[in-house]
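> quick one: sequence plus predicted model below, questions after.
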Amino acid sequence: MRAIITVIGKDRVGIIAGVSSILAESNVNILDITQTILQDVFTMIMLVDISKCNIHFHDLSDKLEKKGVELGLKIQIQHEDIFNSMHRI
Amino acid sequence: MLGPFEVFETLKMIQKENLDIRTITMGISLRDCSHPDIDVSCKKIYDKITKYAEKLVVTGEDIEREYGIPIINKRISVTPISLIAESCESGDYTKFAKAMDKAAKAVGVNFIGGYSSLVHKGYTNGDRKLISSIPEALSETQLVCSSVNVASTKSGINMDAVAEMGQVIKKCADLTADSGALACAKLVVFANAVEDNPFMAGAFHGVGEPECVINVGVSGPGVVKSALEKVKGEDFGVVAETIKKTAFKITRMGQLVAQEASRRLNVPFGIVDLSLAPTPAIGDSVAHILEEMGLEKCGAHGTTAALALLNDAVKKGGVMASSYVGGLSGAFIPVSEDAGMIDAAISGALSLEKLEAMTCVCSVGLDMIVIPGDTTAETISAIIADEAAIGVVNQKTTAVRIIPAPGKKIGDKVEFGGLLGSGPVMKVNPFSSSEFIKRGGRIPAPLHSLKN
């Protein structure tokens, strides 16, 4: 199962490190990363594989959200299907 | 991989434009809950609802969390209670409403619909008892919603039922005068009611429905408005196309949630209802979509045409996005639940008569309209008759959910709170319809041939 992590906010040192360390601890594999500046805002999208994740999805989501607060960013994880259903036929 | 534009478009719809799943509604058949003893029947109803819907709320919350899409309401609809209750030898029908209320509270849903009766051609004894118990049932419970179907295209309009519903609505208002006649907000009078509507207050689980089913209603007026902001000044072909594309995206999400809820609950997926349902929140208004098309205020001349385009384009876009479409499927125009409608009514742009015209081209009807407390039962019945006539002749669902707020006059405002919002008291035609309503009987079904 795959999920999409989105990070939105002000660019700073340690964003990828912060997110990827949580993912590594949780046994979540990163499949792809794109980062860009969209309308002056730093945005990062990560495609991850959560099928071997060793914690509950809700806990992973909480951890990422907390890390976001710590870094002054908004970090969210969502199942990939929500985007696929809307944009792919 | 999905591009950043696509990912952020979805996020923007959810976070800034109030895109949400309005409701996951579980329809439950209660046809096996009849019993001569009313207390046994009520117990069977309670047990069945709490068993079937035990995991509905938690499943909804899980989906919400995992997909990052808000699911505002989790609800239940049941078989029209008059069908179940009439096997009882005696007793007070409000016990059924209380059993439904208790079950709804136990499973944590925010409304349960189906305290209903279908009397478009005539009453059975059970229908008679149920309808007369509606005011008490709705004033003594919190979560129960009621609906009565008084007309259909195939059978015409039951004017006896229309006359009685005027009185029932007045009594509902009197019994809940302290809370702005809240019971009236939980009562819908239908023509051509549908069996798979997931939206309250008119949801019930029709007799042609399976044992248990999941129906989903999507929302998203804010997303449509925002899409139209990008095509300012373009012609109506572009407007229709933009709405269709947006409706497609919104509905795809509804389809995903419906399928996922159905899979997790192991209950068949029924339909996605394509209605654009507003809320009182800013940026979640159907009226503002119509204004975005170029009307100074909703209710101005041109509003009916704008609404017809919107309603049609939403269906055209949505129907391609879902495997099964049903329910009411169209734009809703409840006054108290839509910030733009409230403004339009206060400013005098939107009248009851204009709303009636608008109901000819959209779902569903005169919805959440507050009228002066001294409006007579006969006038309310006549409003219902007009609305039923529109539904019957045009082969569509129409409904009336109207609130004669005791002690309130034109210009006052009634607060209901939450999704029900707040409604300005609107002007009603002061001339009498009482001799018309007194006639009773049935208005015959309309002719649907000889169309030239």
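Looks like it came in fine. Numbering: from 1, shown residues only, chains lettered A, B, ... in the order given.
> figure out the helix or strand that residue B:75 lives in.
Assigned by DSSP states H and E, residue B:75 falls within strand B:71-78.
> for the lengthiest helix in chain A, what is the average pLDDT?
Using DSSP state H to define each element, chain A has its longest helix at helix A:57-71. In this model, helix A:57-71 has a mean pLDDT of 94.
> and it, what's buried?
For helix A:57-71, burial by neighbour count (16 or more other Cβ atoms under 10 Å in any protein chain shown) applies to A:57, A:60-61, A:63-64, A:67-68, A:71. Any C-beta I mention is one placed from the backbone N, CA and C, and that applies to glycine too.
> same question for stretch B:231-240.
Residues of stretch B:231-240 classed as buried by neighbour count (16+ other Cβ under 10 Å): B:239-240.
> now stretch B:409-421
So for stretch B:409-421, counting by 16+ other Cβ under 10 Å, buried means B:413-414, B:416, B:419-421.
> closest to chain A among these?
Minimum distance to chain A across these is 23.4 Å, recorded for residue B:419 (Cβ to the nearest Cβ).
> how about the closest one: what's its closest non-neighbour residue?
Leaving out its chain neighbours, the residue that sits closest to residue B:419 by Cβ to Cβ, 6 or more residues apart in numbering or on different chains is residue B:279, at 5.7 Å.
> do residue B:213 as well
Per Cβ to Cβ, 6+ apart, closest to residue B:213 is residue B:270, 3.9 Å.
> same check on residue B:394?
residue B:360 (6.4 Å).
> ok so that neighbour is a strand residue?
No - counting by DSSP: H, G, I helix; E, B strand; the rest coil, residue B:360 falls outside a strand, being coil.
> what's the burial count for residue B:212?
Look at residue B:212: counted by other Cβ atoms under 10 Å in any protein chain shown, it has 18 neighbours.
> list the buried ones in stretch B:175-189?
Within stretch B:175-189, judged by 16+ other Cβ under 10 Å, the buried ones are B:175-177, B:180-189.
> filter the buried residues of helix A:57-71 down to the ones near chain B?
A:57, A:61 (Cβ under 8 Å from any Cβ of the partner chain).
> pick out whichever of the buried residues of helix A:57-71 sits closest to residue A:26.
Closest approach to residue A:26 among those (Cβ to Cβ): residue A:60, at 5.5 Å.
> and the closest one, what does it touch?
A:22, A:26, A:28, A:50, A:53, A:77 (Cβ atoms under 8 Å, 6 or more residues apart in numbering or on different chains).
> how about a cut-off of 10 Å?
A:3, A:5, A:22-23, A:25-26, A:28, A:48, A:50, A:53-54, A:77 (Cβ atoms under 10 Å, 6 or more residues apart in numbering or on different chains).
> do residue B:130 as well
Counting by Cβ under 10 Å, 6+ apart, residue B:130 has contacts B:80-86, B:93-94, B:96-97, B:115-117, B:119, B:123-124, B:137, B:146, B:148.
> ditto for residue B:440
B:158-164.
> among those residues, which are in helices?
Those of the contacts of residue B:440 lying in helices (DSSP H): B:159-164.
> SS state for whatever residue of chain A ends up closest to chain B?
In chain A, the residue that lies nearest chain B is residue A:78 (3.7 Å; Cβ to the nearest Cβ). The three-state assignment at residue A:78 reads strand, by three-state DSSP.
> and for it, the neighbour number?
21.
> repeat for residue B:66
Neighbours of residue B:66 (other Cβ under 10 Å): 20.
> isn't it up against residue A:77?
Yes - here residue B:66 reaches residue A:77: they are 8.7 Å apart, a contact under Cβ atoms under 10 Å.
> now do the buried residues in stretch B:253-271.
In stretch B:253-271, counting by 16+ other Cβ under 10 Å, buried: B:253-262, B:265, B:267, B:269-271.
> I meant to write stretch B:213-224 there.
B:213-224.
> repeat for stretch B:150-170
B:150-153, B:155-170.
> same thing with stretch B:284-304?
Applying 16+ other Cβ under 10 Å to stretch B:284-304 flags B:284-293, B:295, B:297-300, B:303-304 as buried.
> ok, now how distant is the closest residue to chain A within chain B from residue B:221?
Distances between chain B and chain A by Cβ to the nearest Cβ are smallest at residue B:68, namely 3.7 Å. Distance of residue B:68 to residue B:221, computed by Cβ to Cβ, to the nearest Å: 20 Å.
> so what's the residue count around residue B:11?
For residue B:11, using other Cβ under 10 Å, the count is 22.
> can you redo the ones in helices among the contacts of residue B:440 as a markdown table with distance to chain A?
Shown next, in a markdown table, are the ones in helices among the contacts of residue B:440 (distance: Cβ to the nearest Cβ, whole Å):
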| residue | distance to chain A |
| --- | --- |
| B:159 | 47 |
| B:160 | 48 |
| B:161 | 43 |
| B:162 | 43 |
| B:163 | 48 |
| B:164 | 46 |
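> farthest-separated two in the buried residues of stretch B:253-271?
B:253 and B:267 (19.6 Å).
> so which elements touch the helix or strand just after the strand holding residue B:75?
Sequence-wise, the next helix or strand downstream of strand B:71-78 (DSSP H and E) is helix B:81-85. In terms of contacts (3 or more Cβ pairs under 10 Å, 6 or more residues apart in numbering or on different chains; DSSP states H and E), helix B:81-85 is packed against helix B:38-52, helix B:94-107, strand B:111-118, helix B:125-139, strand B:144-152.
> and those as TSV, adding mean pLDDT?
Formatted as TSV, these follow (pLDDT from 0 to 100):
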stretch	mean pLDDT
helix B:38-52	97
helix B:94-107	97
strand B:111-118	97
helix B:125-139	96
strand B:144-152	98
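> now residue A:14: phi and psi?
Residue A:14 adopts backbone torsions of phi 100, psi 10, taken as degrees, to the nearest 10.
> would you check how far apart the residue lying closest to it once chain neighbours are set aside and residue A:23 are?
Distances taken as Cβ to Cβ, 6+ apart place residue A:71 nearest to residue A:14, at 7.0 Å, with adjacent residues excluded. Distance, residue A:71 to residue A:23, using Cβ to Cβ: 15 Å.
> and what of residue B:32?
Residue B:32 is 50 Å from residue A:23, by Cβ to Cβ.
> for the chain, which segments count as strands?
You didn't say which chain, so I picked chain A. Taking DSSP state E as the test, the strands found in chain A are A:2-9, A:29-38, A:41-49, A:73-79.
> I was after chain B.
Using DSSP E, strands in chain B cover B:21-28, B:71-78, B:111-118, B:144-152, B:156-158, B:187-191, B:212-218, B:269-273, B:325-326, B:365-372, B:398-405, B:413-415, B:422-424, B:442-443.
> no further queries at this time; thank you.
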